[in-house]
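Undergrad: Prediction below, plus the sequence it came from.
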Amino acid sequence: MKVSYWHSNNDIRIEEVATPRPGPKEMLLKVASCGICGSDVVEWYRKPRAPLVQGHEIGAEVVEVGSSVTGFKVGERVFAVPKVPCMECHYCRNGHYPQCAEIKVRLPGGFAEYILVPEILVEKGTYHLPDTITYDQSTFIEPLACVVRAQRLAGIRAGQTVVVLGCGMSGLLHVKLAKARDCRVVAADVNRKRLAFAEQLGADLIVDAAGDVSESFAAAGDKKADAVMICTSAVSAVEQAWRCVDKGGAIVFFAVPGPGRDIVVPVNDFWTREIRILTSYYCGPPDIDDALKLLESGRIEVEDMITHRLPLRDIAKGFQLVIDANESIKVIIKPNEI
């Protein structure tokens, strides 16, 4: 089978390897669709584990099951998460699923024609796809689950004002989810094309982040934000967030600047205004369940975010599209299409 090995963003190699065979409690999936996540192109985050097969937004078909597998059959359509928490440790019991101390097994990367699902992920991390969710749409389940968790941590609810800084794929999912929750949404970015996209997807106000975002939406009659979602690694966005948040509001770092880039927090001002600063990394099983329901019901539509579908041989082009961030929103790799 063909597999894409990532060494760096400028060094992605397609190689031929043996197709694995499942053990008694494993199963083999044929990858239909795998999305390129924004984190896949962040070299400081990925390089320590290189070379590796990336891809964790996976929709696939079951092609072989182990002799002891009872919950899945050949031909079924599934979605698989990259890792599952134990649900029993201190962190899991307190809802911090991404910090689970017992995670030892991960799903092989989906930028490959086939993947072998290990036992623990067959049991706890593989989901049947509803008929209303296509393979391509299934690549949004995990990123949407991450957005669900971030907005839950921020306490976002109907009637609030939400500012989204950065209108890449994750930022746009924040726009969609906040609108689905009947919030007023301000979307900011330096990329005019992405701003136009945010407006098409329902943002109430779009703002060029090259200027002062808080002044722009104040001029439009909006109050400061109940929640600010930082969905870009730009340090300038952090300064914008400080100015945009209202008293009692929350700032969520959904994305962060690279290592060594220090952030100065105006803690004295935030102390008197009771500002919460939060981080949100990955998601947990309850968030996956919520994301599936949102997509299955059509409450969150994602087809309009897919801009590129590419075969595995063009994965380097796909990565460059994501890095350039000019023409693409969601880039999906189709490993078994020519």
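TA: Okay, I see it. Residues are numbered from 1 along each chain as shown.

Undergrad: Spell out, range by range, the helices that occur in the protein.
TA: Along the chain, counting by DSSP state H, helices occupy 43-46, 90-93, 119-124, 135-138, 141-154, 169-180, 192-200, 213-219, 235-244, 267-273, 285-297, 315-324.

Undergrad: For the third one, buried residues please.
TA: Along helix 119-124, the positions that meet the burial threshold by neighbour count (16 or more other CB atoms under 10 Å) are 119-122. Quick note: C-beta positions are derived from backbone N, CA and C, even for glycine.

Undergrad: quick one, what contacts E199?
TA: Counting by CB atoms under 8 Å, 6 or more residues apart in numbering, E199 touches 187, 206.

Undergrad: switch to 10 Å and redo it
TA: 167, 175, 187, 205-206 (CB atoms under 10 Å, 6 or more residues apart in numbering).

Undergrad: same deal with E57?
TA: Contacts of E57 by CB under 10 Å, 6+ apart are 33-37, 40, 79-82, 110, 138-144, 330, 332-333.

Undergrad: again, but for R106
TA: Neighbours of R106 in contact, by CB under 10 Å, 6+ apart: 56, 81-84, 118, 120-121, 125.

Undergrad: ok, so of these, who is nearest T132?
TA: T132 has its nearest neighbour among these in V81, at 19.6 Å by CB to CB.

Undergrad: And the closest one, what's its pLDDT?
TA: Confidence at V81, expressed as pLDDT, is 96.

Undergrad: okay, now the residue nearest to it when sequence neighbours are not counted: neighbour count?
TA: Spatial nearest neighbour of V81, excluding adjacent residues (CB to CB, 6 or more residues apart in numbering): G125 at 4.3 Å. Per other CB atoms under 10 Å, the neighbour tally for G125 reads 21.

Undergrad: what about G125, distance to M169?
TA: Distance of G125 to M169, given as CB to CB, to the nearest Å: 22 Å.

Undergrad: contacts for stretch 211-221?
TA: 161, 163, 165, 184, 186-190, 204-209, 222-225, 228, 236-237, 239-245.

Undergrad: Quick one: end-to-end distance for stretch 209-228.
TA: End-to-end distance of stretch 209-228 (CA to CA, to the nearest Å): 14 Å.

Undergrad: what's the answer for stretch 5-19, then?
TA: End to end - CA to CA - stretch 5-19 spans 15 Å.

Undergrad: any idea of the mean pLDDT for that stretch?
TA: 97.

Undergrad: in it, what counts as buried?
TA: 5-6, 9, 12, 19.

Undergrad: And for stretch 321-338?
TA: So, applying 16+ other CB under 10 Å, buried residues of stretch 321-338: 321-323, 325, 328-336.

Undergrad: what do you get for stretch 180-190?
TA: Buried, per 16+ other CB under 10 Å, within stretch 180-190: 181, 183-190.

Undergrad: Pull the most distant pair out of the residues you listed.
TA: Counting by CB to CB, the most remote pair of those is R181 and V190, 26.3 Å apart.

Undergrad: re the thing from before, could the buried residues of stretch 5-19 go into CSV alongside distance to G95?
TA: Formatted as CSV, those follow (distance: CB to CB, whole Å):
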residue, distance to G95
Y5, 36
W6, 32
N9, 34
I12, 36
T19, 39
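
Undergrad: Among those residues, which one sits closest to P98?
TA: W6 (22.2 Å).

Undergrad: and the residue lying closest to Y91 once chain neighbours are set aside, what does it touch?
TA: Distances taken as CB to CB, 6+ apart place Q99 nearest to Y91, at 4.3 Å, with adjacent residues excluded. By CB under 10 Å, 6+ apart, Q99 lies in contact with 85, 89-92, 281-282, 284.

Undergrad: Pull the contacting residues for the spatially most central residue of the chain.
TA: In the chain, the centroid-proximal residue (CA atoms, centre = their mean) is P143; its distance is 2.6 Å. Counting by CB under 10 Å, 6+ apart, P143 touches 35, 37-39, 56-57, 169-170, 173, 283, 291, 302, 330.

Undergrad: Return the members of the residues you listed classed as buried.
TA: 35, 37-38, 56-57, 169-170, 173, 283, 291, 302, 330.

Undergrad: Distance to R276 and pLDDT for these - can I get that in TSV?
TA: Below are these laid out as TSV (distance: CB to CB, whole Å; pLDDT from 0 to 100):
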residue	distance to R276	pLDDT
G35	30	98
C37	26	95
G38	24	93
H56	29	96
E57	29	97
M169	25	96
S170	20	97
L173	21	98
C283	20	97
A291	24	98
V302	29	98
K330	30	97
